[in-house]
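Asks: Show me how the following folds:
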Amino acid sequence: MRIDSGRLQDHLRNGLKPLYVIHGDAPLLQIESCDAIRRKALESGYAERELLTAEQGFDWKSLIEASRSLSLFSRKKLIDFRIPSGKVGIEGGKILQAYCAELQPDVITMISLPKLDRQSLSSKWFEVLEKCGVAVSADTVARDELPGWIGQRLAIQKQQADTETLRFLAGQVEGNLLAAHQEIRKLGLLYPEGRIAFEDVKKAVLDVARYDLFQLGEAMLAGDVRRYAKILEGLQGEGMAESLVLWQICEEIRALFRVLDGMKKGKNQAQALRDAHVWGKRQSPVLKACGRASMEMLEGMLVKASGIDLIIKGLRKGDAWDELLQLGLNFAALGKNG
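Replies: Residues are numbered from 1 along each chain as shown. Sure, this is the predicted structure:
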């Protein structure tokens, strides 16, 4: 079964399916889709959650073992399985097909993938996942559809804007859904419910003091700990979702990990950067940070990030924003000179 992320909420009102596959190139829509499934699962009594990530050296058999193992305290379980690279290999493909052949009645499985190429979408393993579960596409909204998308998001927070204003907003974010989400949240904080005037929107959007996730990543890679802390504080004040901040931090950590892993396998810098999808001006700060980092340090940070994810989801006690500050500062320190 195929649906797009915009139809997921309606789908979930009719109950849960045993398997969900979320794939696409829009991080915001991916995060929101996964959050919606997790909330519905928790409401439906799936109190136990197990997180698995198919990084280098992942034991694919552990996926099947996880589905067969339920705790004494919960007879229902959600398996949150993430495949950051989107590549499963021969073994992974076989395991996924075997997994679908014996889906457990008290287990819901949520598989997160990036945007897949044509070959992966037509592969046997993906066809089986799609046949046995619900494939949710979380792709970037087309430019001509973005004003309408922004209007729908404003309506959720009980605000409206005319067509000219929506087009202006869409033009300012240049198709970036994360940036659009941030501007919409800002308008919700600045103005009351009801119609928002064009001049008010223009003033808010063009405010040069605003912060965004990409500036946060830049500060981390540059090793500018003071700027990182200031941007993070600004994002918190503007109501940015902690899960999106965590996603941005993890993207930078994974980029370094992939570059280091590539060079360890004998690739030159240019090839390692290209394979890790690190382009343009971002290459220099990434390489600088790589010079001070190790794969073991980065793996430790990803483990720490998994703990923060549990705090954000309410499954562990703690202050998510304070943990994000510490994680980001530790990462930023990798990029310092000296």
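
Asks: Please look at residue 158 and residue 196 and confirm they touch.
Replies: No: contact criterion C-beta atoms under 8 Å: residue 158 and residue 196 do not qualify, at 10.9 Å. Heads up, the C-betas are built off the backbone N, CA and C, glycines and all.

Asks: of the two, who's got more company?
Replies: Per other C-beta atoms under 10 Å, whichever of residue 158 and residue 196 has more neighbours is residue 196, with 20 against 10.

Asks: so how far is residue 167 from the more buried one?
Replies: 14 Å (C-beta to C-beta, to the nearest Å).

Asks: which residues sit against stretch 32-47?
Replies: 5, 8-9, 12, 15-16, 20, 22, 49, 73-74, 76-78, 80, 108, 110, 112, 136, 138, 243, 313 (C-beta atoms under 8 Å, 6 or more residues apart in numbering).

Asks: list the contacts for residue 148?
Replies: Applying C-beta under 8 Å, 6+ apart, we find residue 148 in contact with residue 166.

Asks: Just the pLDDT at it, thanks.
Replies: In this model, residue 148 is scored at 95, pLDDT.

Asks: The one 4 residues further on too?
Replies: Note on residue 152: pLDDT of 94.

Asks: what's the distance between the helix or strand containing it and the middle of its chain?
Replies: Using DSSP states H and E, residue 152 falls within helix 146-156. In terms of C-alpha atoms, centre = their mean, to the nearest Å, the centre of helix 146-156 is found 21 Å from the chain centre.

Asks: Export it to CSV, keeping only CA atoms.
Replies: Provided in CSV are the C-alpha atoms of helix 146-156 (Å, rounded to 0.1, in the frame of the first residue of the first chain):
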residue,chain,number,x,y,z
LEU,A,146,4.2,25.1,-1.5
PRO,A,147,1.8,28.1,-0.9
GLY,A,148,-1.1,25.8,-0.4
TRP,A,149,1.0,23.6,1.9
ILE,A,150,2.0,26.7,4.0
GLY,A,151,-1.7,27.7,4.1
GLN,A,152,-2.6,24.3,5.5
ARG,A,153,0.1,24.5,8.2
LEU,A,154,-1.1,28.0,9.2
ALA,A,155,-4.6,26.7,9.5
ILE,A,156,-3.5,24.0,12.0
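
Asks: just checking, next helix/strand downstream of it?
Replies: Assigned by DSSP H and E, the successor of helix 146-156 is strand 159-160.

Asks: And that next one, what does it pack against?
Replies: strand 194-195 (3 or more C-beta pairs under 8 Å, 6 or more residues apart in numbering; DSSP states H and E).

Asks: What is the strand it packs on packed up against?
Replies: Checking 3+ C-beta pairs under 8 Å, 6+ apart, strand 194-195 ends up next to strand 159-160.

Asks: Of the contacts of stretch 32-47, keep whichever come out buried.
Replies: 5, 8, 12, 16, 20, 22, 49, 76-78, 80, 108, 110, 112, 136, 138, 243, 313 (16 or more other C-beta atoms under 10 Å).

Asks: Is residue 136 in a helix, a strand, or coil?
Replies: Here residue 136 is recorded as strand under DSSP: H, G, I helix; E, B strand; the rest coil.

Asks: Next, the contact list for it, please.
Replies: 3, 4, 5, 8, 20, 21, 22, 23, 33.

Asks: For the helix or strand bottoming out on mean pLDDT in the chain, list the C-alpha coordinates in CSV.
Replies: Lowest on mean pLDDT, DSSP states H and E among the helices and strands of the chain sits helix 213-222, with a mean of 82. Written as CSV, here are the backbone C-alpha positions of helix 213-222 (Å, rounded to 0.1, in the frame of the first residue of the first chain):
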residue,chain,number,x,y,z
LEU,A,213,19.1,24.8,11.6
PHE,A,214,21.6,25.3,8.9
GLN,A,215,23.4,28.1,10.8
LEU,A,216,23.5,25.7,13.7
GLY,A,217,25.3,23.1,11.5
GLU,A,218,27.7,25.7,10.2
ALA,A,219,28.6,26.8,13.8
MET,A,220,29.2,23.1,14.7
LEU,A,221,31.5,22.5,11.8
ALA,A,222,33.4,25.7,12.3
